[in-house]
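In: Can you look at this prediction? I've put the sequence above it.
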Amino acid sequence: MAETVRAGRPGRPVLVTGMDVLTAFGRGTVPLADAVFTGTDGFRTLDRFDVSARRVARAAQLPGTPDLRTELAAVLAGACEQARLGTADRAGTTLLLATTADRAAARSAGAGRPELTAGALATELAGRTGLGEAPRSYTTACVAASTAVADAAAMISSGRAERVAVAAGYLLEPDRYTLFDSARALAADGRLRPFSTGRKGMLLGDAVAAVVLESAPSAAARQVEPLARLAGWGRSGDAYHVSQPHPEGQGMARAITLALARAGVDAERIGYVNAHGTGTPASDLAESAALHRALGPAAERIPVSSSKSVHGHTLEAAGLLELIVTVLATSTGRLPVNAGDYLADPACPLAVVDTPTPASPGWALSLNAAFGGANTALVVAS
């Protein structure tokens, strides 16, 4: 039975007016959409650094050695351009950034230097792109970007800001690749199969993304047609285990219920869920349980997929990349495919989208979770 959804809290509508992204498929939303809506994954042999001693050597990798600072500035410029932000508009736009400090630079230049922190990078990016203040940076791994989006939406909804740009980036690097490989969290067969009986684990990927969120009056002043509305957001903490979710999905269910309540929408009206879906047993089972706990009987019929099966797990960038995928789903009439040769798992009784599917979900959920029991849910309305 679904948990009770209370009436949505009053607040100003939050619109998505600009998006840009860089993934293993190339620059922009078009190549990303072509991949996720056909289920064409981007995994290949990793050659950016030495993986000869690793169990797994596949990831969704951009060619060459892209520079995170340069690419973050590029996607911010692209999102601002789509939102038609002029110089004065950009100066009045707050920047929230989700990423990590430059680990390689910290090792080579010495630890503790403030110019190497994520906060310093946010300030630098704001200056390079003509944006206003950059009051916060987020380093909370897999919910970093979605937490930044929730904070940005709260700022706009409450009237504390008219516009907020959110940027996020993760580029494959040896430290965390080794960590996940050593923990046997990566799929040894090189396929990411969320909610499938054949799942062996997750795979990582590159992503740099940016979105512009703003109030309706702000967008109307520039005659900008919104791409979507961010109707609700919810956050919760399991406080269950340092690296495993609550097996009954209690924390994730709470985040979903809060997001639906804020959006003022019943579970039955949700037309698509872009799940966290890492392809790891504990995570997939807990998320399936959370969807049934939060959505009730509707959980068995609402289309579900994990776009990670195509673009990989992009850590700090995941929440923003997957929000962009969810917006594309609500605006293009197609659903992302759960790739990786899906085989239904009776322990995850969900309506998994495993083939290209035309649909026009008026309401959609984008879900993320992180170590430490952090959970986020975002509700997108077309």
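Out: Structure received.
In: How about the contacts made by the residue nearest the centre of the chain?
Out: Residue closest to the mean C-alpha point of the chain, counted by CA atoms, centre = their mean, is Gly319 at 1.7 Å. Going by CB atoms under 8 Å, 6 or more residues apart in numbering, Gly319 touches 98, 142-149, 168, 366, 368, 376, 378. Using the backbone N, CA and C atoms, a C-beta is placed for each residue, glycine as well.
In: for Pro226, same thing?
Out: Pro226 sits in contact with Leu15, Val16, Thr17, Ala219, where contact means CB under 8 Å, 6+ apart.
In: Highest neighbour count among those residues?
Out: Counting neighbours by other CB atoms under 10 Å, Val16 comes out on top of those with 26 neighbours.
In: related to what we said a few turns ago, which among the contacts of Gly319 gets closest to Trp233?
Out: Leu378 (5.3 Å; CB to CB).
In: ok so the closest one is a helix residue?
Out: No. Counting by DSSP: H, G, I helix; E, B strand; the rest coil, Leu378 is not found in a helix; it is strand.
In: What's opposite the closest residue to it other than its chain neighbours in the beta bridge?
Out: Counting by CB to CB, 6 or more residues apart in numbering, Leu378 lies nearest to Ser366, which is 4.6 Å off, once chain neighbours are set aside. Counting by DSSP bridges, Ser366 forms beta bridges with Asn274, Leu378.
In: Would you confirm that Ser366 contacts Thr326?
Out: Yes. Under the criterion of CB atoms under 8 Å, Ser366 makes contact with Thr326 at 4.3 Å.
In: Now list whatever residues contact both of the two.
Out: Asn274, Leu378, Val380.
In: Tell me the spacing between the last one and Arg184.
Out: When CB to CB, to the nearest Å is applied, the distance between Val380 and Arg184 equals 34 Å.
In: Give me the more crowded residue out of the two.
Out: Counted by other CB under 10 Å, Val380 and Arg184 do not tie: Val380 has more neighbours, with 27 against 13.
In: any idea how far the helix or strand harbouring Ala120 is from the chain center?
Out: Taking DSSP states H and E as the definition, Ala120 sits inside helix 118-129. Centroid separation for helix 118-129 versus its chain: 21 Å, with CA atoms, centre = their mean, to the nearest Å.
In: Flag every buried residue along that helix.
Out: Ala118, Gly119, Ala120, Leu121, Ala122, Thr123, Glu124, Leu125, Ala126, Thr129 (16 or more other CB atoms under 10 Å).
In: so what strands line up beside whichever helix or strand comes after that helix?
Out: Downstream of helix 118-129, the next assigned helix or strand under DSSP H and E is strand 136-138. Partners of strand 136-138 in the sheet, by DSSP bridges, are strand 94-98 (parallel).
In: Give me the angle between the partner strand and helix 118-129.
Out: On the basis of axes from the mean of the first three to the mean of the last three CA atoms, to 10 degrees, strand 94-98 is oriented at 130 degrees to helix 118-129.
In: begin at 26 from here
Out: With the count now opening at 26, the last piece we talked about shows up as strand 119-123.
In: What average pLDDT does strand 119-123 get?
Out: What strand 119-123 shows for mean pLDDT is 98.
In: who's in contact with that strand?
Out: Strand 119-123 has contacts (CB under 8 Å, 6+ apart) with 97, 101, 143, 146-147, 150-151, 154, 156-164, 169-170, 172-173, 176-177, 180, 186, 188-194, 341-342, 344-345.
In: ok, Gly230 to Glu239 distance?
Out: Here the criterion is CB to CB. By it, Gly230 lies 29 Å from Glu239.
In: Only the buried residues of stretch 191-211, if you could.
Out: Residues of stretch 191-211 classed as buried by neighbour count (16+ other CB under 10 Å): 191-199, 202, 205-206, 210-211.
In: And that stretch, end to end?
Out: End-to-end distance for stretch 191-211: 29 Å, by CA to CA, to the nearest Å.
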